[in-house]
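**Student:** From the sequence below, what's the structure:
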Amino acid sequence: MTSLYWILPFALIAALIGTAMLRRYALSNSLIDIPNSRSSHTLPTPRGGGVAIVVSFIVSAILLGGNGFLPWLIVWGLVIPGALVALIGFLDDHGHIPARWRLLGHFAAAAIAMFFLGGLPVLQFFQLSIDLGWFGYGLGAVFLVWLLNLYNFMDGIDGLASLQAIFVSIGGTLMYILTNASESIWLPITLVLSVSGFLYWNFPPARIFMGDAGSGFLGIILGILSLQAAWTNPTLLLAWLILLGVFIVDATYTLFVRLLRGEKVYEAHRSHAYQIASRQAGSHRRVALAVVGINFVWLLPISALVCLGLIDGFLGVLIAYVPLTVVALRLKAGQGDT
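**Tutor:** Sure, this is the predicted structure:
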């Protein structure tokens with residue numbers, strides 16, 4: 001246990017210092033996000049700080065594996081696909097990669113992750129047990145690709161993506177404890193610390209943005225962690241989906257509405273519910289903290305009830321998602337940028 005006393009602080013300090021260094025690099029190399037009509041920010045801001053999260057978490061995960069806290073199969077099942085997604089995002093931050101090649105790379109990373117995971121476990125649907133077999137590999141890959149891309153979609157105002165990753169990881173840690181699987185807590189705790197080091201620089205008003213490297217990395221890592229949790233206890237997958245509810249509902253609802261309106265879904269826009277709310281509130285901070293409040297007051301208790309077996313998992317997801325969908329509907333998410 002002694003090694004934890006330096007591995008965990010390393011994750012925080014490395015991200016904190018690494019983000020400062022990346023900010024200087026971005027400023028000196030004109031890696032600046034310039035506001036335009038599709039932006040939710042008004043000031044030119046350095047981008048690419050999420051690379052600090054990537055390096056901090058990957059190194060820490062390898063150290064945890066090397067010190068016997070994690071099986072190497074789990075470590076490499078996170079590190080390899082996460083690094084691939086981060087590399088694609090890094091190259092896209094510095095230039096431009098056509099969407100079809102980005103998507104191909106994302107599916108390659110997801111396929112690698114599913115190989116290490118061994119597909120999906122037997123899932124419980126109310127009283128039914130569902131073994132998806134080989135189909136589970138494809139379904140899991142689609143889930144990971146969607147989650148990493150929606151995380152990029154939702155990284156549009158200061159601090160939101162960072163705070164969400166911290167909350168989901170804290171929630172995931174608590175769910176492990178509730179289901180007597182505390183031996184699995186180290187990866188989500190490490191992610192909390194890595195993202196917290198970056199959040200110091202990203203909290204509204206942000207001094208640096210995460211960039212595609214960081215947002216895509218967080219999306220696929222959280223997705224893999226949720227699938228790893230499912231192998232520990234199938235109920236945990238539904239608990240993680242509840243914890244991710246704000247991002248899943250906003251991104252999915254907005255995409256669906258834009259598809260119905262015949263809009264090009266791959267084009268940048270600012271019609272997500274959180275973006276509309278930030279304009280109405282006139283503050284990124286208020287919206288980011290409101291999401292934190294929703295997470296802790298609404299989603300975390302429902303997730304806990306599911307893990308404790310007090311309500312069915314799919315029913316819990318439904319209870320969690322319906323009010324979030326109503327909020328997106330009332331904010332007219334996906335219906336234009338005004």
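
**Student:** Quick one: list the elements packing against the biggest helix by length in the chain.
**Tutor:** Longest among the helix segments of the chain by residue count, using DSSP state H, is helix 4-28. For helix 4-28, the packing partners by 3 or more CB pairs under 8 Å, 6 or more residues apart in numbering; DSSP states H and E come out as strand 45-46, helix 50-66, helix 186-202. The C-beta positions use only the backbone N, C-alpha and C, and glycine is treated the same way.

**Student:** Sticking with the residue nearest to residue 154 when sequence neighbours are not counted, tell me its helix or strand.
**Tutor:** Take residue 154 and drop its neighbours on the chain: the residue closest to it by CB to CB, 6 or more residues apart in numbering is residue 247, 4.8 Å away. In the assignment (DSSP states H and E), residue 247 maps to helix 245-260.

**Student:** Which residues does that helix contact?
**Tutor:** Helix 245-260 is contacted by residues 147, 150-151, 153-154, 164, 241, 265, 269, 271-274, 291, 294-295, 299, 317, 320-321, 324-325, 328-329, 333-335 when judged by CB atoms under 8 Å, 6 or more residues apart in numbering.

**Student:** CA-only coordinates of it in PDB, if you can.
**Tutor:** The C-alpha coordinates for helix 245-260 follow below in PDB (Å, rounded to 0.1, in the frame of the first residue of the first chain):
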ATOM      1  CA  GLY A 245     -26.900  10.600 -17.700                       C
ATOM      2  CA  VAL A 246     -26.500  14.300 -18.300                       C
ATOM      3  CA  PHE A 247     -24.000  13.900 -21.100                       C
ATOM      4  CA  ILE A 248     -25.700  10.800 -22.700                       C
ATOM      5  CA  VAL A 249     -29.200  12.400 -22.700                       C
ATOM      6  CA  ASP A 250     -28.100  15.900 -23.900                       C
ATOM      7  CA  ALA A 251     -25.800  14.600 -26.700                       C
ATOM      8  CA  THR A 252     -28.200  11.900 -27.900                       C
ATOM      9  CA  TYR A 253     -31.300  14.000 -27.800                       C
ATOM     10  CA  THR A 254     -29.600  16.900 -29.600                       C
ATOM     11  CA  LEU A 255     -28.300  14.600 -32.300                       C
ATOM     12  CA  PHE A 256     -31.700  13.000 -32.800                       C
ATOM     13  CA  VAL A 257     -33.400  16.400 -33.200                       C
ATOM     14  CA  ARG A 258     -30.800  17.600 -35.600                       C
ATOM     15  CA  LEU A 259     -31.200  14.400 -37.700                       C
ATOM     16  CA  LEU A 260     -34.900  15.000 -37.800                       C
END
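
**Student:** Would you mark the buried spots in it?
**Tutor:** 245-255, 257-258 (16 or more other CB atoms under 10 Å).

**Student:** ditto for stretch 158-178
**Tutor:** 158-176, 178.

**Student:** What of stretch 284-303?
**Tutor:** The neighbour-count check on stretch 284-303 (16+ other CB under 10 Å) flags 284-285, 287-288, 290-292, 294-295, 298-300, 302-303 as buried.

**Student:** Point out the ones among those residues that are inside helices.
**Tutor:** Among the buried residues of stretch 284-303, DSSP H puts 284-285, 287-288, 290-292, 294, 300, 302-303 in helices.

**Student:** What is the nearest of those to residue 121?
**Tutor:** Within these, proximity to residue 121 (CB to CB) peaks at residue 303, which comes in at 18.4 Å.

**Student:** Next secondary structure element downstream of the helix or strand of the chain with the lowest mean pLDDT?
**Tutor:** When each helix and strand of the chain is scored by mean pLDDT, DSSP states H and E, strand 123-125 comes last, with a mean of 76. The helix or strand immediately downstream of strand 123-125 is strand 128-130, counting by DSSP H and E.

**Student:** who does that next one pair up with?
**Tutor:** strand 123-125 (antiparallel) (DSSP bridges).

**Student:** Need the residues that contact the strand it pairs with.
**Tutor:** For strand 123-125, contacts defined as CB under 8 Å, 6+ apart pick out 129-130, 132, 230, 234-235, 237, 313-314.

**Student:** Could you dump the residues you listed into CSV and include pLDDT, secondary structure and neighbour count?
**Tutor:** Putting the contacts of strand 123-125 into CSV (pLDDT from 0 to 100; DSSP: H, G, I helix; E, B strand; the rest coil; neighbours: other CB atoms under 10 Å) gives the following:
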residue, pLDDT, secondary structure, neighbour count
129, 78, strand, 9
130, 81, strand, 13
132, 84, coil, 15
230, 95, helix, 22
234, 91, helix, 18
235, 93, helix, 23
237, 95, helix, 22
313, 92, helix, 24
314, 92, helix, 15
